[in-house]
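Asker: 3D, please:
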Amino acid sequence: MARRACDGEGLLGAFRAAAAGLEAAVDEVNALNVFPVPDGDTGSNMMATVRAALAEAEALGPTASAERVAAAAAFGALMGARGNSGVIASQILRGLAEGLAGKTRFNALDLANALDLGTKAAYGAVAKPVEGTILTVIREASAAAVASAERERTIDAVMGATTTAAQKAVTKTPTLLAILREAGVVDSGGQGLFRLFEGANAFLTGDSKVSARLPGAVGVVAAAGPAAAGASAAHQGAPPGAGMRDAAFGFETMFLAQAARGKPLDVDAIRNHFESIGESVLVAGDARAIKVRIHNERPDEVLSYALGLGELSKISVENLDQQASDVRETRAAAFAGEASSAPERDSEGGTPARDPAFDAATDGASNADSRVGSPPLAVVAVAAGEGLAAIFRDFGVQKVVYGGQSANPSTGELLEAVKGVDAREIVLLPNNPNVVLAARQVASLVDRPVAVAATRNAAEGFAAMLALDPDKSAADNAASMTEAGRSIQSLAVTEAVRDATVSGRKVRKGQTIALDPDEGLVAVHNDPATAVLNAVKKLSPGFELITVYYGDGGDLAGTEALARRIHDLGTGAEIEVLHGGQPHYRYLISAE
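Answerer: Here you go, the predicted structure:
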């Protein structure tokens, strides 16, 4: 019998089945890595995110409403999100939770609307959305859900249409993205999303069959027709907290506001108003409650406007002029790493009743006053390998989070690290393109400025640390540190794990490949040393120092021998060898 409504228990069952569907396909999704490197981890990242979501939802028990199950899953996914694919999946669940807010049970139209909101949230999480990715899959799947709900009005039909559309969208991704077409694979994140939908659909329909591997999972994708026209408009804009300027003078006003009955808060309008009258504006929350922080010269104007929003609490006004001299004195101490930090851990006792962003932001509200005498600036960095981590500590990084390729730290782990650092502002160095989105999520979840310097590897992170100015704000430092990181040249050297075509060149399994920071192929050879030498020859001239960080597959003696051969190329640069200990990559090489 067709299902016309679903309650919390049914939604939880669908979540369990979706997780099981993805779990069975983790290796399949990991194998769809565009580049033939041994760290294809999209499936693992999505699975870790989904497990975190499911654990939070299951903690409610079988009698919870659909609203509570969806909200718990969204919160768990946000805290457990790993990698870009995991962050986007968490945003899809956030949209789902928004669509099911206030509903004990939901019907087909409710589900379709929730999926559409998931699409909007996913696009909004990416500054420059790219079609031919998981974004395309959720957009086309949610569009099919809406069309089905308007036509057939059963949840079974909506999920069936969603799953079919997702599968079709995945097979089409190579026509939209040349790099997929060249590698002979479909988009891995999109494939993971399809497997989630497939599992949920099997639960709702009672069909235990799972479709065969999609074309492109192995082998070469057949040529397809023209790329689909017209991607939907994407939500633009940086996450809350990005681009904040350091307000050296004036007042810092902070408060919590809860909406008056029948008068929901317009978060965007409130943020726009405060940005028009102040700087360093943070507005986090939802239509029910928000956390606000603003710097300006007139706290009376801030509170006068705030009084019209609803009930205010935890109001604080600080005179930044009085703190200015202390700030200048303590910045140097913070830069030198003299300040002590005491890690603190949240106790998440149950499911949040409000938007996770609001709850995470307000976790630190009671500690805001305690940061008055804290160091003004600190750096948190992600590092893969003890050697790289030790170098970051030598640079004065206050907290190192272990992770990288195939072990991306979750949003929750990064958030915990940030909360454990005693500083008024923080710069976060992801040192991996696949960690940037999770890092930016953290910036929107805390009650102090956290700015992300989008470093792509540890070598760029070290260059960024050299550009750190303790007298500037986190946001200003993030901009200059990103620029400093991009000013160097770097290479990552590893072994191909399968045959592939990369940057138009054939690569065979077992060959050594050298990749640039954007994973473009620079050199390939059967002999590792020859591959490295060929890659170094292709670097733009003008550098004075080459540093070789050796990791898995490398050792000191062999790296020193390689350094001598690099020196013999006649570049005139000094060659330095350091232990990085990074997994998967024999060498990380920088030239500056």
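Asker: mean confidence score for stretch 455-475?
Answerer: For stretch 455-475, mean pLDDT rounds to 94.
Asker: what's the span of it, first residue to last?
Answerer: Start and end residues of stretch 455-475 are separated by 14 Å (CA to CA, to the nearest Å).
Asker: Can I get stretch 549-569 as CSV, trimmed to CA atoms?
Answerer: Extracted in CSV, the C-alpha atoms of stretch 549-569 (Å, rounded to 0.1, in the frame of the first residue of the first chain):
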residue,chain,number,x,y,z
TYR,A,549,59.5,16.8,3.5
TYR,A,550,59.6,13.1,3.4
GLY,A,551,56.7,10.8,4.5
ASP,A,552,55.3,7.4,3.8
GLY,A,553,57.6,5.5,1.4
GLY,A,554,60.6,7.8,2.0
ASP,A,555,63.5,7.7,4.4
LEU,A,556,66.2,10.1,5.5
ALA,A,557,69.1,8.5,3.5
GLY,A,558,67.1,8.2,0.3
THR,A,559,65.8,11.8,0.6
GLU,A,560,69.3,13.1,1.2
ALA,A,561,70.4,11.4,-1.9
LEU,A,562,67.5,12.9,-3.8
ALA,A,563,68.4,16.3,-2.4
ARG,A,564,71.9,16.0,-3.9
ARG,A,565,70.4,15.1,-7.3
ILE,A,566,68.1,18.1,-7.1
HIS,A,567,71.1,20.3,-6.2
ASP,A,568,72.9,18.9,-9.3
LEU,A,569,70.2,20.3,-11.5
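Asker: buried set for it?
Answerer: 549-554, 559, 562-563, 566 (16 or more other CB atoms under 10 Å). Bear in mind the C-beta positions are built from the backbone N, C-alpha and C, glycine included.
Asker: The residues you listed into CSV, with extra columns for secondary structure?
Answerer: Putting the buried residues of stretch 549-569 into CSV (DSSP: H, G, I helix; E, B strand; the rest coil) gives the following:
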residue, secondary structure
549, strand
550, strand
551, coil
552, coil
553, coil
554, coil
559, helix
562, helix
563, helix
566, helix
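Asker: Out of those residues, which two are the most distant from each other?
Answerer: Spatially, the most separated pair among these is 552 and 566, at 20.0 Å (CB to CB).
Asker: just curious, which of the buried residues of stretch 549-569 is nearest to residue 522?
Answerer: Comparing these against residue 522 with CB to CB places residue 566 closest, at 14.4 Å.
Asker: what about stretch 14-33, how long is it end to end?
Answerer: Start-to-end span of stretch 14-33 (CA to CA) is 28 Å.
Asker: And the helices in the stretch 251-400 of the chain?
Answerer: All helices of the stretch 251-400 of the chain, identified by DSSP state H, counting those that start in this stretch, fall at 267-277, 299-307, 320-335, 356-363, 386-394.
Asker: chain center to stretch 558-567, what's the gap?
Answerer: In terms of CA atoms, centre = their mean, to the nearest Å, the centre of stretch 558-567 is set 37 Å apart from its chain centre.
Asker: Surely residue 90 is within a strand?
Answerer: No: read with three-state DSSP, residue 90 is helix and lies in no strand.
Asker: My guess is it contacts residue 78. True?
Answerer: Yes: applying CB atoms under 8 Å as the test, residue 90 and residue 78 come out as touching, 4.8 Å apart.
Asker: Name the residues contacting each of the two.
Answerer: Contact criterion CB atoms under 8 Å, 6 or more residues apart in numbering; residues shared by residue 90 and residue 78: 411, 441.
Asker: And those two? Which one has more around it.
Answerer: Each of residue 90 and residue 78 has its neighbours counted (other CB atoms under 10 Å); residue 90 has more, 33 against 30.
Asker: Now do the SS call for the spatially closest residue to the more buried one that is not a sequence neighbour.
Answerer: Leaving aside its chain neighbours, residue 90 sits nearest to residue 77 (3.7 Å; criterion: CB to CB, 6 or more residues apart in numbering). Classification of residue 77 using three-state DSSP returns helix.
Asker: Just to check, residue 77 is in contact with residue 93?
Answerer: Yes: if you go by CB under 8 Å, residue 77 and residue 93 touch, sitting 4.6 Å apart.
Asker: Looking at the two, which has the bigger crowd around it?
Answerer: Between residue 77 and residue 93, counted using other CB under 10 Å, the more crowded position is residue 77 (33 against 28).
Asker: which residues does that one contact?
Answerer: With contacts defined as CB under 8 Å, 6+ apart, residue 77 is in contact with 49-50, 52-53, 56, 86, 89-90, 93-94.
Asker: just for this structure, where's the confidence low?
Answerer: 1, 35-40, 127, 207-249, 280-286, 291, 320-373, 404-406 (pLDDT under 70).
Asker: can you do 50?
Answerer: Applying pLDDT under 50 to the chain picks out residues 210, 212-249, 323-370.
Asker: for it, which helix is longest?
Answerer: helix 155-176 (DSSP state H).
Asker: for the helix or strand following that helix, packing partners?
Answerer: Going down the chain from helix 155-176, the next helix or strand is helix 178-183, by DSSP states H and E. Helix 178-183 is packed against helix 155-176, strand 500-502, with contacts defined by 3 or more CB pairs under 8 Å, 6 or more residues apart in numbering; DSSP states H and E.
Asker: Pick the most buried one from the ones you listed.
Answerer: By mean neighbour count, with neighbours taken as mean count of other CB atoms under 10 Å, helix 155-176 ranks first of the helices and strands packed on helix 178-183 at a mean of 23.
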